[in-house]
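Q: no sequence on this one, just coordinates:
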């Protein structure tokens, strides 16, 4: 059973790393919104393509009208922190159960 515990622990660490990388991509996207980057830059296009599928549904639910501030990056960051605190830690605890 220790193999299953190690597999779950490895999956938890991979999920944690992926969430951390995505969190930094969201932060970079927020910083890019403050400046006016070249929209044809491949890095800028990649960041927009990776983050827009997650940010668009949040923007539809929380309109920006009148405020001028996009709260979708903050909400996504909060969800990522929640997932790291709940999901990843729960998987690690579950892996200890199988060891």
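A: Right, received. Where do you want to start? These numbers were taken from a predicted model, which means no experiment stands behind them.

Q: which ones are touching residue 1?
A: 98-99 (CB atoms under 8 Å, 6 or more residues apart in numbering). Bear in mind the C-beta positions are built from the backbone N, C-alpha and C, glycine included.

Q: residues near residue 8, how many?
A: Residue 8 has 20 neighbours, counted by other CB atoms under 10 Å.

Q: check which helix or strand covers the nearest residue to it once chain neighbours are set aside.
A: Nearest residue to residue 8, sequence neighbours excluded (CB to CB, 6 or more residues apart in numbering): residue 95, at 4.0 Å. Element membership of residue 95 [criterion: DSSP states H and E] is helix 89-98.

Q: give me the buried positions along that helix.
A: 91-92, 95 (16 or more other CB atoms under 10 Å).

Q: the nearest residue to residue 16 once chain neighbours are set aside and residue 17, how far apart?
A: Using CB to CB, 6+ apart and skipping residues adjacent in sequence, the residue nearest residue 16 is residue 88, 4.6 Å away. Using CB to CB, to the nearest Å, residue 88 is found at 10 Å from residue 17.

Q: same question for residue 68.
A: For residue 68 relative to residue 17 (CB to CB), the value is 34 Å.

Q: quick check: residue 48 touching residue 29?
A: Yes. At 7.3 Å, residue 48 counts as touching residue 29 under the criterion of CB atoms under 8 Å.
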